[in-house]
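Q: Task: produce atomic coordinates for the following.
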Amino acid sequence: MLKDRQLMNPDVSSLEKRVSRLKRLAAKFKRAESAQNALLEISNIANAVSSMEDFYQGIHHHLKKLIPADNFYIALKNQDQWELPFFLDEKDVHPTELYPDKNLSDMLKRGLTGYVLRTQRPLLCDEATADRLEAEGEIDNLGSPCHQWLGVPIMHNGIAIGALVVQSYKAEVSYGDTEVELMVFICHHIAGVLERLRHHEQLETAIQQRTQELSQAYDKLKQEVYERRRAERLQRSLFEIADLATSNLDMHDFYVELHHIISHLLPANNCYIALLDESATTLSFPFYVSQLSSVAPIPRPMKDGLVEYLLRHRKPTLLSQKDIRHLIKLGEIYSKAPDLNHTQTMQQWIGIPLLIQGEAVGALAVYSFSMDQKYQFKDLELLTFVSQHIAAAIERKLATETLKRSNEELEEMVQARTTELAQANVELQKEISQRRHIEQKLIHDAKHDSLTGLPNRQMFMERLNDTFAQNRSYKFALLFIDLDRFKMINDTLGHMEGDHFLIETAKRLNTCIRDHDLLARLGGDEFVILLDNLYNTNDAKEVAERILCELSRPFELAGQHFNSGASIGISLCDNPQQTSSESLLRDADTAMYMAKTRGKGCYVVFDEKSHQQLMHDLTLENDLRQAFESQQLRLIYIPVRDANSGKTIAIDVKPYWQHPQHGLLNYHQLVQLAEQANLPLEFDRYVIELLNDELDSLPIAEEVKVHLTLSSHHLAYKHALRNLVLCLDNCRFSLDKLCLFFNEIALARDHDNHVYGFEALKDLGVNIGIADYGSGYSSMLTLSFLPISCLKLESELTSGIQSKRHRQLLTAIRRSAESLQLQLIADGVNSEEQQQCLQELGITTMQSSVENLTEDSHAKAALA
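A: The predicted model follows:
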């Protein structure tokens with residue numbers, strides 16, 4: 001016995017040494033992780049801060065998390081001078097205050113900081129070391145004595161551009177090699193960030209200075225441009241007024257355009273034109289616009305308003321509110337007709353008399369209600385100059401209107417004399433047109449779809465037969481289009497919205513083809529396109545891709561967006577002599593069905609090989625339905641083991657099928673076949689019922705869990721979820737030992753339904769897991785809100801474990817799973833090498849791949 005203990009002692013000592021080494025490695029890893037996190041935070045600060053001061057404070061804040069840094073400063077080189085942009089010390093104030101009569105740069109060069117910058121090496125020294133360096137003439141010892149002083153140079157392109165310094169005044173706060181290493185590491189990574197931020201700050205200063213210079217030059221140029229544009233505006237306005245005089249506009253539009261021209265010269269939100277009649281006793285207002293009223297004044301006799309005041313004096317006038325009140329007080333205006341006074345809210349009024357052949361025949365007035373809009377005498381001069389051209393334009397326009405009215409009266413007389421003959425001719429033409437329209441409509445309705453207006457089956461087959469009869473040498477193709485989810489639209493939104501959907505689909509299809517191609521609706525949700533004059537097969541494929549892209553855009557039905565899609569079959573005709581229109585249409589229909597079996601939203605070009613494959617798939621689908629009825633499927637139970645203990649902790653249930661003609665079909669082949677046959681729900685219920693019959697007879701321990709992967713179609717609709725719950729409720733075995741797995745990609749695509757379904761299944765007592773984890777890129781934050789207990793990794797992660805990135809990813813997933821207390825299972829572990837690598841990464845629960853199992857191993861149930 002004593003001898004055995006002595007033999008064991010070396011093993012115990014070896015284990016203790018390994019434990020000690022692992023602890024040192026863990027501590028070193030923790031320091032490296034802390035340094036890395038600090039560098040990441042410093043990098044984030046460099047991207048977020050608005051000033052260098054904020055960046056220095058950020059460096060200090062994160063450095064304090066790593067080492068004692070209550071006494072800290074940063075020294076940086078600015079051209080030939082050294083500066084202290086950040087300084088924090090519990091004993092000394094900033095050196096410029098401590099030594100106001102000394103140059104800061106010279107002090108830094110002669111101190112410990114300068115020594116570090118000259119040697120370009122880190123320096124950790126105590127008070128004795130500092131005294132020795134001072135005695136040797138290397139430094140000038142400045143500031144309060146400290147217990148320890150640590151300075152590290154910041155190197156950039158092999159040159160010291162600054163230094164980070166921390167110091168301690170207390171004996172209990174000391175620095176060592178670890179702190180030196182951390183400081184060197186941080187300085188190495190922040191050198192480039194410091195240079196970039198300083199360069200950015202200098203660049204912003206230069207930009208601001210240049211911007212100010214450009215702004216002053218711009219103001220001068222803008223004034224010159226303003227004067228030139230004002231002159232150009234005036235000249236352009238005069239030309240426009242001259243053009244208006246000869247335009248075909250009616251008088252109302254003429255005055256509106258005239259107002260637009262005036263508005264380009266000065267503010268004219270409130271403007272009117274007043275004209276005297278031929279007797280010079282009545283004023284009319286052919287144009288009037290105001291911010292306070294949209295109703296123009298009615299014609300009125302001459303009284304003593306502002307217009308009359310202007311016509312009496314016959315000179316341009318600019319009046320303020322004070323001037324108007326003064327004229328009223330003097331009795332110049334509104335003494336005889338105070339009811340005309342609506343000037344109380346006016347701030348300014350400009351009136352220009354309109355002179356025609358030396359006589360004042362009217363007035364042009366603009367006015368403002370706001371103090372912000374002020375007219376000046378230059379505006380009065382401008383409007384006076386323009387008014388001469390306005391008066392001439394009004395005179396020519398009035399003359400033109402008079403002549404126009406005379407011509408119109410003459411035209412009316414001629415028109416009256418020919419009305420009866422024209423009426424008779426119209427009636428005759430109308431009757432002929434109606435008869436032709438009815439005939440054309442009957443022909444059109446016989447050959448067109450009443451809903452979409454597209455050619456119907458009859459017209460399409462006629463055109464297709466004509467194409468074959470022409471015996472042309474070039475290719476043509478047929479596209480058979482079947483819309484996805486049309487029945488769902490009719491069932492959920494109603495037939496009216498279904499009709500809208502078909503009409504919109506027809507419009508989109510029309511945009512995808514050429515003018516000489518033919519688009520027709522065969523009925524229901526089936527459309528067909530004849531592509532004529534093709535060079536090769538790629539032309540038809542390009543059209544199909546355009547159609548799929550166009551139909552993938554959402555449809556707006558019943559006030560909401562609805563996504564559809566289509567399945568397209570393409571049949572090509574190279575030689576019209578060797579085929580027929582019926583066979584070409586049949587082949588396109590067959591190719592369309594093949595596209596639907598491949599998951600919809602795609603196209604398939606018909607060929608004999610694909611046709612044979614389709615027949616093969618249809619046969620397998622029918623055989624699968626019969627296999628359900630005759631219970632031909634069997635179950636394989638794959639052990640899920642703890643690699644450390646070798647103990648089986650769970651069994652993964654996978655169905656397989658020994659087909660009489662096609663041999664062994666494994667689990668993945670069966671899942672794909674069930675999806676193609678639209679039987680995923682029936683497939684899963686069959687597996688659950690078979691498991692219910694076999695589980696009690698399996699040679700497994702009571703604590704072993706049962707893993708079962710189900711289709712996410714169970715969670716997509718409430719009735720499917722109810723059927724699943726009912727099926728599980730009828731199971732004889734305890735549901736708390738059952739763990740149901742659902743695919744991660746399906747979870748990412750339909751998160752809400754999965755959350756609802758998981759809660760309903762959790763109420764039954766079953767456990768929930770996510771299968772193929774790592775294929776859908778679900779965030780751990782999302783998983784933390786789900787009632788799940790297990791993650792099963794995508795098997796490709798295991799097969800690629802030799803990749804460094806795969807191992808890093810697996811490590812990250814393992815840590816995240818541990819933090820959320822989720823069991824992590826590696827799938828597809830088929831070799832000792834894979835198992836050992838996973839164990840080294842801390843993943844100990846694993847199972848082999850179902851594809852690795854032979855037909856014989858299926859028969860032996862893989863549990864022995």
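Q: mind checking the SS state of residue 160?
A: Taking DSSP: H, G, I helix; E, B strand; the rest coil as the rule, one finds residue 160 in the strand state.
Q: How much space separates it from residue 151?
A: Distance of residue 160 to residue 151, computed by Cβ to Cβ, to the nearest Å: 11 Å. Bear in mind the C-beta positions are built from the backbone N, C-alpha and C, glycine included.
Q: more neighbours, the two?
A: It is residue 151, of residue 160 and residue 151, that has more neighbours when counted by other Cβ atoms under 10 Å, with 26 against 19.
Q: measure that one to residue 90 for me?
A: 18 Å.
Q: before we move on, the earlier item: between residue 160 and residue 151, what contacts are shared?
A: With contacts taken as Cβ atoms under 8 Å, 6 or more residues apart in numbering, residue 160 and residue 151 have residue 116 as neighbours in common.
Q: can you pull up the bridge partners for residue 480?
A: Note on residue 480: beta-bridge partners by DSSP bridges are residue 528, residue 569.
Q: got the contact list for residue 125?
A: Going by Cβ under 8 Å, 6+ apart, the list of residues near residue 125 reads 112, 133, 148-149.
Q: Tell me the predicted confidence for the residue nearest to residue 787 when sequence neighbours are not counted.
A: The spatially closest residue to residue 787, leaving aside those adjacent along the chain, is residue 762, at 4.6 Å (Cβ to Cβ, 6 or more residues apart in numbering). Each residue has a pLDDT score; the one for residue 762 is 93.
Q: backbone phi and psi for residue 762, please?
A: Taking degrees, to the nearest 10, you get phi -60, psi -30 for the backbone angles of residue 762.
Q: ok, it touching residue 789?
A: No. Between residue 762 and residue 789 there is no contact under Cβ atoms under 8 Å: 9.7 Å.
Q: what do these two both touch?
A: Listed contacts common to residue 762 and residue 789 are residue 768; contacts here mean Cβ under 8 Å, 6+ apart.
Q: Grab the longest strand from the chain for me.
A: Longest among the strand segments of the chain by residue count, using DSSP state E, is strand 648-659.
Q: for that one, packing partners?
A: If you count contacts as 3 or more Cβ pairs under 8 Å, 6 or more residues apart in numbering; DSSP states H and E, strand 648-659 packs onto helix 608-630, strand 634-642, strand 663-665, helix 667-676, helix 680-694, strand 705-709.
Q: mind checking which of those is nearest residue 178?
A: Residue 178 lies closest to strand 634-642 among those, at 38.2 Å (Cβ to Cβ).
Q: tell me the average confidence for that closest one?
A: On average, the pLDDT along strand 634-642 is 94.
Q: Which elements pack onto that strand?
A: Contacts defined by 3+ Cβ pairs under 8 Å, 6+ apart place strand 634-642 against strand 648-659, helix 680-694, strand 845-846, helix 855-859.
Q: TSV for the ones you listed, including mean pLDDT, mean neighbour count and distance to residue 330?
A: Putting the helices and strands packed on strand 634-642 into TSV (pLDDT from 0 to 100; neighbours: other Cβ atoms under 10 Å; distance: least, Cβ to Cβ, whole Å) gives the following:
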stretch	mean pLDDT	mean neighbour count	distance to residue 330
strand 648-659	94	20	108
helix 680-694	92	17	98
strand 845-846	95	21	106
helix 855-859	42	13	118
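Q: TSV for those, including distance to residue 37?
A: Shown next, in TSV, are those (distance: least, Cβ to Cβ, whole Å):
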stretch	distance to residue 37
strand 648-659	36
helix 680-694	46
strand 845-846	30
helix 855-859	48
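Q: Out of those, the one nearest residue 742 is which?
A: Judged by Cβ to Cβ, the one of these that comes nearest to residue 742 is helix 680-694, at 10.9 Å.
Q: helices or strands next to the closest one in the packing?
A: When contacts are defined as 3+ Cβ pairs under 8 Å, 6+ apart, helix 680-694 packs onto helix 608-630, strand 634-642, strand 648-659, helix 667-676, strand 705-709, helix 713-716, helix 718-729.
Q: Check what contacts the next helix or strand after the last one and list those residues.
A: Once the chain leaves helix 718-729, the next helix or strand it forms, by DSSP states H and E, is strand 738-743. Counting by Cβ under 8 Å, 6+ apart, strand 738-743 makes contact with 650, 705-710, 712, 715, 728, 731, 754, 761, 766-772, 775-776, 789-790, 792, all of which sit outside it.
Q: quick one: contacts for residue 731?
A: Applying Cβ under 8 Å, 6+ apart to residue 731 gives the contacts 688, 691-692, 738.
Q: Residue 762 versus that one, what's the distance?
A: 16 Å.
Q: With residue 541 instead?
A: In terms of Cβ to Cβ, residue 541 sits 48 Å off from residue 762.
Q: same deal with residue 839?
A: 32 Å.
Q: With distance to residue 684 added, can I get the helices and strands packed on helix 680-694 in TSV?
A: As requested, the helices and strands packed on helix 680-694 are exported to TSV (distance: least, Cβ to Cβ, whole Å):
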stretch	distance to residue 684
helix 608-630	11
strand 634-642	13
strand 648-659	10
helix 667-676	8
strand 705-709	8
helix 713-716	7
helix 718-729	8
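Q: Out of the ones you listed, the one nearest residue 143 is which?
A: Evaluated over the helices and strands packed on helix 680-694, closeness to residue 143 peaks at strand 634-642, with 62.3 Å, by Cβ to Cβ.
Q: and the closest one with strand 648-659, angle?
A: Calculated by axes from the mean of the first three to the mean of the last three Cα atoms, to 10 degrees, strand 634-642 forms an angle of 150 degrees with strand 648-659.
Q: Mind listing the strands strand 634-642 pairs with, and their directions?
A: Using DSSP bridges, the strands paired with strand 634-642 are strand 648-659 (antiparallel), strand 845-846 (antiparallel).
Q: Tabulate these in a markdown table, adding columns for distance to residue 513.
A: Converted to a markdown table, the strands paired with strand 634-642 look like this (distance: least, Cβ to Cβ, whole Å):
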| stretch | distance to residue 513 |
| --- | --- |
| strand 648-659 | 44 |
| strand 845-846 | 55 |
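Q: So what's the residue count around residue 457?
A: 16.
Q: Point out where the stretch 501-650 of the chain drops to low pLDDT.
A: Applying pLDDT under 70 to the stretch 501-650 of the chain flags the ranges 577-578, 608-615.
Q: so how far is residue 652 from the closest residue to residue 829 other than its chain neighbours?
A: Nearest residue to residue 829 in three dimensions, chain neighbours excluded: residue 846, at 4.2 Å (Cβ to Cβ, 6+ apart). For residue 846, the distance to residue 652 equals 11 Å [Cβ to Cβ].
Q: Between those two, which contacts overlap?
A: Shared contacts of residue 846 and residue 652 (Cβ under 8 Å, 6+ apart): residue 640.
Q: Quick check, pLDDT for residue 31.
A: If you check residue 31, the pLDDT there is 66.
Q: actually residue 838, sorry about that
A: pLDDT, read off for residue 838, is 92.
Q: So it: helix, strand or coil?
A: At residue 838 the chain is in helix, as set by three-state DSSP.
Q: Residue 574 versus that one, what's the distance?
A: Taking Cβ to Cβ as the measure, residue 838 falls 56 Å from residue 574.
Q: okay, those two: which has more neighbours?
A: More crowded of residue 838 and residue 574, by other Cβ under 10 Å: residue 838, with 24 against 13.
Q: what sits against that one?
A: So residue 838 contacts 643, 798, 801, 810, 826, 829, 844, 846 (Cβ under 8 Å, 6+ apart).
Q: Test for you: state the pLDDT assigned to the nearest residue to the second one once chain neighbours are set aside.
A: Nearest residue to residue 798 in three dimensions, chain neighbours excluded: residue 828, at 4.4 Å (Cβ to Cβ, 6+ apart). Taken from the predicted model, the pLDDT recorded for residue 828 is 90.
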